[in-house]
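**Q** Sequence first, predicted model second:
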Amino acid sequence: MNFKVGDKVVVIAGKDKGKEGKITKTFKSENKVIVEGVNMVKKHVKPNGESSGSIVDMESPIHASNVMILDPKTNKRTRIGHTVDKKGNKVRCTKKSNEILN
């Protein structure tokens, strides 16, 4: 999986198609990511000693194939490629504008 926490992505499939957000968590073994404000579900929370029970809205994981990274230069969706920088390190880059991603 080529995504990292903090990447700005756009959803390309599913009920939230077209929404944008930042990745807050990745699940590499399941090939899923959590994007802020996308794939919201209602979660029932049981009461404990400090707070009463309630229903909260939270983000649910979405499959990594359903999101694409946004190009920092053009702000359009693009694929991720890999290249070698001047120091010899393998880095991620965008396919459209060849911009280096940190």
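**A** Cool, got the structure.

**Q** Surely V5 touches I23?
**A** Yes: V5 sits in contact with I23 when judged by C-beta atoms under 8 Å, with a separation of 5.5 Å. Bear in mind the C-beta positions are built from the backbone N, C-alpha and C, glycine included.

**Q** Which one's more surrounded, those two?
**A** Set V5 next to I23 and count neighbours by other C-beta atoms under 10 Å: I23 wins out with 21 against 11.

**Q** Reduced to three states, what does the more buried one come out as?
**A** Classification of I23 using DSSP: H, G, I helix; E, B strand; the rest coil returns strand.

**Q** any idea how far it is from S52?
**A** Shown here: I23 relative to S52, a distance of 32 Å by C-beta to C-beta, to the nearest Å.

**Q** Tell me which residue of this protein is furthest from the middle?
**A** Taking C-alpha atoms, centre = their mean as the measure, the residue most remote from the mean C-alpha position of the chain is G49, 34.2 Å away.
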